[in-house]
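Asks: Just need the structure, nothing else, for what follows:
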Amino acid sequence: MNDPLMRTLLAVALGLSALEAAAGGVDRLHAFIEHTQSARGEFTQQVTDRAGKPAEQSDGMLQFQRPGRFRWEYKRPYRQLLVGDGAKLWMYDTDLNQVTVKTQHEALGSTPASLLAGSNDIEKNYSLADAGAKDGIEWLIATPKDPDSTIQSIRMGFRKDLPTTMELTDSFGQVTTIRFAKLEANPRLDAEQFKFSPPRGADVISQ
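Replies: The predicted structure follows:
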């Protein structure tokens, strides 16, 4: 190959490929936070008890828009909605017609939503460590720095630039596994999706 330009382009491509191959789970998370300002997709959620026995399964849809706005909607087996508007976290139980509202910063400090929809100061709330690769997925472990957090650790897997799985272990030994599907990076989202007004007649509880 005698063309200097082609040699340069090839060298750059090989360099990028090597960098891509070397990127671990922590690097994937930082790149995701930096380059993915919004996302939407589907999820399934499985809870197992400390003995490994399945206890609960659900599924639904999610959306988020940085900084700190998200919509997490459970479809089955019960309809529930979580909306973070940047200031408050709204949790609506459709069957009970009950709304719980909390200050978002206090509610989300060391939760999975802060990993997905948070900002680049992620290590303010978590200690991060690479956890190796398997089947093309790069893993990391995030340990909350808050000693009062009910979550002991979050194991998070990335395939290329997007998260595939989150495994949360809580202080009771339960493991919640969330798997993402059809995740779309940087779509244009309707700002109204991140606003919530309690339905008429709903019981509203402020915490």
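Asks: Helices along the protein, start to end?
Replies: Along the chain, counting by DSSP state H, helices occupy 4-22, 25-35, 104-108, 112-117.
Asks: For the third one, the averaged confidence score.
Replies: It refers to helix 104-108. The pLDDT scores in helix 104-108 average 72.
Asks: and if you look at the second one?
Replies: Regarding helix 25-35, the rounded mean pLDDT is 92.
Asks: Can you give me the buried ones in it?
Replies: Gly25, Val26, Asp27, Arg28, Leu29, His30, Phe32, Ile33 (16 or more other C-beta atoms under 10 Å). For glycine as for every other residue, the C-beta is placed from the backbone atoms N, C-alpha and C.
Asks: just how off-centre is stretch 180-189 within its chain?
Replies: 12 Å (C-alpha atoms, centre = their mean, to the nearest Å).
Asks: Straight-line length of that stretch, end to end?
Replies: 18 Å (C-alpha to C-alpha, to the nearest Å).
Asks: what does stretch 132-152 give?
Replies: Start-to-end, stretch 132-152 (C-alpha to C-alpha) is 19 Å.
Asks: what comes into contact with that stretch?
Replies: By C-beta atoms under 8 Å, 6 or more residues apart in numbering, the residues outside stretch 132-152 that reach it are 23-26, 28-29, 109-111, 115, 124-131, 153-159, 164-165, 168-171.
Asks: Once you drop chain neighbours, what's closest to Phe172?
Replies: Of all residues not flanking Phe172 in the chain, Arg50 sits nearest, at 6.8 Å (C-beta to C-beta, 6 or more residues apart in numbering).
Asks: Show the contacting residues for the one you found.
Replies: If a contact means C-beta under 8 Å, 6+ apart, then Arg50 has Phe172, Gly173, Gln174 as its contacts.
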